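Asker: Structure for this input, please:
(chains A and B)
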Amino acid sequence: MKILKFLTLLPFLSFSCDGADESIQITEPKPVEEVKYDDTGVLFKSYKGLVMAGYQGWFTAEGDGAERGWHHYQKNGKFEPGAASIDFWPDVTDYPKTYKTAFKYKNQEAAHVYSPYDEESVDLHFKWMKEHGIDGVYMQRFVSEVKGESGKRHFNKVLANALKASKKYGRAISIMYDLSGSNTADMDFIAKDWEELQSTFKLFDNKENPQYLRHNGRPLLAIWGVGFNDGRKYSIADIQKLVEKVKGPTKKASILLGVPYYWRTLGNDTENSTLLHTVIKSADVIMPWAVGRYNSTSYTSVAGTHLPGDIAWCKANNLDYAPLVFPGFSWGNLKNDKSLYNQIPRGRGDFLWQQIAGAKLSGAEALYVAMFDEVDEGTAIFKCKREGELPENADGKFVGIEGDLKTDHYLWLTGQGAKWFHGESGFSAKKPERPL
Amino acid sequence: MKKISIYLSVLAVMLSAAGCKIDNYPAPDAQLFGTFLDAETNEPVEQDIIRGSTIEFIEHGYASQTKQVMIVKNDGSYRNNLIFANKYTITPVRGNFVPTEPQDVTVAGATQLDFKVQPYIRVKDAKIEKVGSKVVATFKIQQTVINNVKKIGLYAHPEPSVGEPMRTVLSDMEINAATDPNKVYKLEIDIPANSNNLKSGSQYFFRIGALIDAPESKFNYAKAVRLTL
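Answerer: Numbers count the residues shown, from 1 in each chain, chains lettered A, B, ... in the order given. Now for the predicted structure:
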């Protein structure tokens, strides 16, 4: 009788045991293993200590094969005296391949430009970087442009040129998506495009691309444009999802976020949302956009306490920080407004050095230079024509590098800053003088 | 007339009794205290008790978000012994250090909250001595931000809470430039020339201060030194 009772209870006992096992399995999901990269031969294991510039690469010339006309040189479909979107004119003396334009110098000689669609031109840019000790560049990938077929073809060609040249000259390279003009729906496109780039160019392959920038043990991807309060058609939450997607459960990449200048205090150019801080904390590096936020007169009062405040915040939140420096700003032709020529003057490099020193003395460990080749907004550091040697532009003009400087002066000065950030001694707030 | 005053006093008693009946909330029984510490050296950051750095705090749970303030003692410490146990958002503001972020803190019982800050200026190798008929201060200036140093000063007062806002005698110098951390600065106070405020045989407190040129910034100091003249 007792045995019978026991036997009838048995199935219940075993059932309850099974139930317990099941519940344990549910509460303990398998931990996802983080991806590990082989960093044998990798040239740049961290952004720390580096001085890198942004590389637009968006110019094309008629006849360069890109079939995009005078892209980013032209205005309203024309690139001729009175119609241009550039303020600075690239000095193309050293370029093997140049394109004749409708612009003429005073002596009636035709003025030429270059196209980054040409491998030779991009090669020359990376050669200059090596010559002056500039560590490398972030290749801008404009979402609004690469969504289209011709834009994608162009930027992939420029990227291929740059990957080849950066490998040849041992310069760091990373991709930066510029989200200007994007909308919420584009986030899926970016994630897909990024996956495609990785496989097309073997970006994470330490043998194929040992020069691709890594940070915190992973390849670094930069995403520019989160938290700006200028009426964008995507939200901070969209970027949060994008970052999660790009990193994935295996934490495939490290992320640099391009944020507005007042990201910490959530004022001025920044959306007043603490979600921005949440997203920032999920990234690895931040780079606040400083172009136009100050000039040489207001720099110290704006950045003097702002920079160390930013750096302290990032340290407390275990983030890295790369302040932006720029040589000056000019967009008179782009904006059709003569008062905007030389809007933020370069002062023979005084302004650039003021920011390099300001960043260094405030405790910054890396720099983002805006930009290597941006002549539309006149922030380019690469070789540009000097004052007095510029093509004529109907009743407008072009803006030149100061006449007594060499055309590569801003490359040289940026290189001096790079030496300082690499730990070389002999630098201070006093701008270095270039030996004659 | 007499009747009216009786009525009035009765009314007053009734009103105050009624008032007592309503105000039966617990008294503020928590304490909040701590020190401003230099994030690099871990030493206290010297302050001014008047017109010095302040701590703003907002008690959670009220729609008004009213900012209350605490002041800081010269040695960089602060203490509030009459605070309600609750959650607060606390921010040190208008100080002699790089701006810091608000933090949410639960205050219960005796709650210690130190602030790790980056002082704008560190006054290094400070020495204050009586040399002949003068009080001589020598020191170096280490600025942690790129802003100009606006002013340096030597301040004297009979109380230990001496500083720029609280002094009877001073000797100061406009700098308005970035400073060299290796340069030795020297400031002097002539005792006979200030005999109204500095009496021979009495003791006074002396303190070296330096002010950075930044919005709402306050003086940074070395520790006050007591001298008998």
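
Asker: And the residue of chain A closest to chain B?
Answerer: Among residues of chain A, the one nearest chain B by C-beta to the nearest C-beta turns out to be A:G304. It sits 3.8 Å away. Where C-beta positions appear, they are placed from N, C-alpha and C, glycine not excepted.

Asker: so what's that residue up against?
Answerer: A:G358, B:V145, B:I146, B:N147, B:A214 (C-beta atoms under 8 Å, 6 or more residues apart in numbering or on different chains).

Asker: Tell me where the stretch 251-400 of chain A has strands.
Answerer: Assigned by DSSP state E, counting those that start in this stretch, the stretch 251-400 of chain A shows strands spanning A:254-260, A:285-289, A:320-321, A:324-325, A:367-369.

Asker: just those strands: most buried one?
Answerer: The highest mean neighbour count among the strands of the stretch 251-400 of chain A, using mean count of other C-beta atoms under 10 Å in any protein chain shown, belongs to strand A:367-369: a mean of 27.

Asker: Not counting its own residues, what contacts it?
Answerer: Strand A:367-369 has contacts (C-beta under 8 Å, 6+ apart) with A:50-54, A:134, A:138, A:287, A:322-326, A:356, A:359, A:381, A:414, A:417-418, A:421.

Asker: Number of residues surrounding A:D193?
Answerer: Neighbourhood size, A:D193 [other C-beta atoms under 10 Å in any protein chain shown]: 20.

Asker: Next one: the residue nearest to it when sequence neighbours are not counted relative to A:N268, how far apart?
Answerer: Spatially, and ignoring its direct neighbours in sequence, A:D193 is nearest to A:V146 (6.4 Å; C-beta to C-beta, 6 or more residues apart in numbering or on different chains). Taking C-beta to C-beta, to the nearest Å as the measure, A:V146 falls 30 Å from A:N268.

Asker: who has more neighbours, the two?
Answerer: When neighbours are counted by other C-beta under 10 Å, A:V146 comes out ahead of the other of A:V146 and A:N268, with 22 against 11.

Asker: what about that one, distance to A:R68?
Answerer: 13 Å.

Asker: what stretches of chain B score poorly on pLDDT?
Answerer: Within chain B, the stretches falling below the threshold (pLDDT under 70) are B:1-3, B:10-24.

Asker: Cross the contacts of A:G304 against helices and list the overlap.
Answerer: Using DSSP state H, the subset of the contacts of A:G304 located in helices is A:G358.

Asker: Please indicate which of the contacts of A:G304 are buried?
Answerer: When the contacts of A:G304 are checked for burial by 16 or more other C-beta atoms under 10 Å in any protein chain shown, the buried set is A:G358, B:V145, B:I146, B:N147, B:A214.

Asker: Helices of chain B, start to end?
Answerer: For chain B, the helices defined by DSSP H cover B:2-22.

Asker: who's in contact with the residue of it found nearest chain A?
Answerer: Minimum separation of chain B from chain A (C-beta to the nearest C-beta) falls at B:N147, amounting to 3.8 Å. The neighbours of B:N147, taking C-beta under 8 Å, 6+ apart as the test, are A:T300, A:S301, A:G304, A:T305, B:Y120, B:I212, B:D213, B:A214.

Asker: try 10 Å this time
Answerer: Contact analysis of B:N147 by C-beta atoms under 10 Å, 6 or more residues apart in numbering or on different chains lists A:300-301, A:303-305, A:308, A:358, B:120-121, B:178, B:212-215, B:217.

Asker: can you count the residues close to B:Q68?
Answerer: Summarising burial for B:Q68: neighbours were counted as other C-beta under 10 Å, giving 12.

Asker: my guess is A:E387 contacts A:P345, does it?
Answerer: No: in this structure, A:E387 sits apart from A:P345 without contact. The criterion is C-beta atoms under 10 Å, and the distance is 11.8 Å.
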